[in-house]
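Trainee: Give me coordinates for this.
(chains A, B and C)
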Amino acid sequence: MSRQRFDTKKVNSELVTLTYGTLVAQMVKDFDNPDDVSKQLDRIGYNMGIRLIEDFLSKTGTGRCLDLKDTADKIQSAFRLYLGVQPNVVNWSPAGDEFSFILDSNPLTELVELPEDLKQLKYCNIICGAIRGALEMVQLDVQSWVVQDQLKGDQNTEIRVKFIRRLEDAMPAGEE
Amino acid sequence: MAVCAAIVGKENSPKFFCCVNPDEELNFQYKVLSSLDIIEEKLNPTNKPGTEIKELYLGMLYSLETCKIYGYVTNTKIKFIIVVDSSNLQLRDNEIRSMFSKIHSEYADMVSNPFYTPGEPITSKLFASSIKNIITGTV
Amino acid sequence: MADDILLDLLHSEIVQYVVGNNDNMKDEDLSTLEYIGFSTGYRIIERLTKEMPRFKDELDTMKFICTDFWSAVYKKQIDNLRTNHQGVYVLQDNVFRFLSRLSNGKQYLEVAPRYVTFTCGVIRGSLANLNIQCLVTAEVQSLPSCKFHIQVQRT
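Mentor: Got it, this is the predicted structure:
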């Protein structure tokens, strides 16, 4: 077996970043309105999230979340596992039903420069979608959105998560 | 430090120019463009097989009374050119090399921006300021 | 970033985005998928060849694609490279990454083009940036094996 010229992990992570970037650029061409692109990105994230959660649970052997703080910690470790970054969990709402992830660096956007006419595009919406999709699979209904974005010149990237309700265990289809 | 850096595309069309002293831009543009033939020659030594340069760094292309011109060509046939003032004797070969490899890194990152169309002139201000920092030695 | 599964999931989503709700697999238009691959390949090759010595010739470049490049992206080398020495190269991968999750069966064979087109684009984009203009097509006869045909366009 010949030696490896490249660091496979690094290449794969760059490929994710580049492939995602090309997809976003393609969508910008396909849709007139950047808001529609943002919605699509959220949906794609959601689809990935509902599959990613199984991988996460099996890789980490994680059990049920005790409370929202516990959930936040687990998402934090998912950030580390899948994006190689460790965001801080901060800005809890007084009622304890809302919090933020703060990322000092975001591998998805590191090499991206948004053109002036796309400043309203929510490039990282895929992350919000993924969080929403993954949590739905463990019976948590949440909202998630980008508050600050380094792509727009903010110091950090801040992703907010708001707990809506606990979902009843899903009934098998057609048995209501 | 160097006085000018240029990036020339696959088909020998200039994509980017950076001069420490903007007044000299036209003068250097001319010098850079006339160095392209030398680059082609170095890459395709027709009558001397086995003398192809495997390294991306091509070394000094030519020197004039006022300046020295260095070249570097990526595997993707993008040419980087650095102009150094002839009076500058401190700048060593390995420092020029390191400038080129930094420029190459910046270039590869810039091309990775999904909103940049490869082959277009490079207009990113961020890129321009990084290159300026590299050639003036502030990084 | 750490994990292989992200690229696999993202790739499926891109296929889904391009194909949409199209049920008609015959003569499906996958050109957008190919283009997304092209654009990705064009960029990644700029990064990968940064520290590499200059390629000797076309064959040298193809060998790089089959070995170092393929193992970095697809986790294994190409199993077989054939060429007629006139600009046609056939790269065979016996267990192609994006097909390895599909079960074998005729109904899956029909959707196979959706899972290889992005990679045709990646190959074409990588080679285009290395100044080899070509056409790339893929042939899947039995899953999860795939043959990529590269036809270099001489000018």
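
Trainee: show me the contacts for C:Gln153.
Mentor: Neighbouring residues of C:Gln153 by C-beta atoms under 8 Å, 6 or more residues apart in numbering or on different chains: C:Gly87, C:Gln133, C:Cys134, C:Leu135. C-beta coordinates here come from the backbone N, C-alpha and C atoms, glycine included.

Trainee: and the residue in chain A positioned nearest to chain B, how many neighbours?
Mentor: Sorted by distance to chain B under C-beta to the nearest C-beta, the residues of chain A start with A:Gly21, at 3.1 Å. Residues contacting A:Gly21 under the criterion other C-beta atoms under 10 Å in any protein chain shown number 24.

Trainee: so how far is A:Glu110 from it?
Mentor: A:Gly21 sits 10 Å away from A:Glu110, going by C-beta to C-beta, to the nearest Å.

Trainee: next one: C:Ser71
Mentor: In terms of C-beta to C-beta, C:Ser71 sits 25 Å off from A:Glu110.

Trainee: neighbour count winner among the two?
Mentor: Taking neighbours as other C-beta under 10 Å, C:Ser71 and A:Glu110 compare with C:Ser71 leading, 19 against 14.

Trainee: What sits closest to the residue nearest to the spatial centre of chain C if chain neighbours are left out?
Mentor: Nearest to the geometric centre of chain C sits C:Thr119, at 2.5 Å (C-alpha atoms, centre = their mean). Spatially, and ignoring its direct neighbours in sequence, C:Thr119 is nearest to C:Gly37 (6.2 Å; C-beta to C-beta, 6 or more residues apart in numbering or on different chains).

Trainee: Chain neighbours aside, what residue packs nearest to C:Arg47?
Mentor: Among residues not flanking C:Arg47 along the chain, B:Ala108 sits closest, at 4.8 Å (C-beta to C-beta, 6+ apart).

Trainee: residue contacts, the one you found?
Mentor: Residues in contact with B:Ala108 (C-beta under 8 Å, 6+ apart) are C:Glu46, C:Arg47, C:Lys50.

Trainee: measure the residue of chain C found nearest chain B to A:Asn106 for me?
Mentor: Here chain C gets closest to chain B at one residue, C:Thr49, 3.9 Å apart by C-beta to the nearest C-beta. Computed as C-beta to C-beta, the C:Thr49 to A:Asn106 distance reads 26 Å.

Trainee: cool, and C:Phe38?
Mentor: For C:Phe38, the distance to A:Asn106 - C-beta to C-beta - is 26 Å.

Trainee: So which residues on chain C come close to chain A?
Mentor: With C-beta under 8 Å from any C-beta of the partner chain as the criterion, chain C comes near chain A at residues C:1-7, C:9-11, C:13-14, C:16-17, C:32, C:35-36, C:39-40, C:43-44, C:47-48, C:52, C:67-68, C:71-73, C:75.

Trainee: Buried ones among those?
Mentor: C:1, C:3, C:5-7, C:9-11, C:13-14, C:17, C:32, C:35-36, C:39-40, C:43-44, C:47-48, C:68, C:71-73 (16 or more other C-beta atoms under 10 Å in any protein chain shown).

Trainee: what's the average pLDDT for the top helix by length along chain C?
Mentor: Criterion DSSP state H: the longest helix present in chain C is helix C:106-129. In this model, helix C:106-129 has an average pLDDT of 92.

Trainee: got the buried residues for it?
Mentor: For helix C:106-129, burial by neighbour count (16+ other C-beta under 10 Å) applies to C:112-129.

Trainee: got it, and stretch B:6-17?
Mentor: B:Ala6, B:Ile7, B:Val8, B:Gly9, B:Lys10, B:Pro14, B:Lys15, B:Phe16, B:Phe17.

Trainee: wouldn't the fifth one be in contact with B:Asn75 here?
Mentor: No. Because the distance of 11.5 Å does not satisfy C-beta atoms under 8 Å, B:Lys10 is recorded as not touching B:Asn75.

Trainee: Wait, a helix at A:Ile164?
Mentor: No. Per DSSP: H, G, I helix; E, B strand; the rest coil, A:Ile164 lies outside any helix segment and is strand.

Trainee: Assign the residue nearest in space to the middle of chain A to helix, strand or coil.
Mentor: By C-alpha atoms, centre = their mean, chain A has its centre lying nearest to A:Ile127, at 1.7 Å. Secondary structure for A:Ile127, judged by three-state DSSP, is helix.

Trainee: That one: what's it in contact with?
Mentor: Applying C-beta under 8 Å, 6+ apart, the residues near A:Ile127 are A:Gly45, A:Leu108, A:Ser144, A:Val146, A:Ile159.
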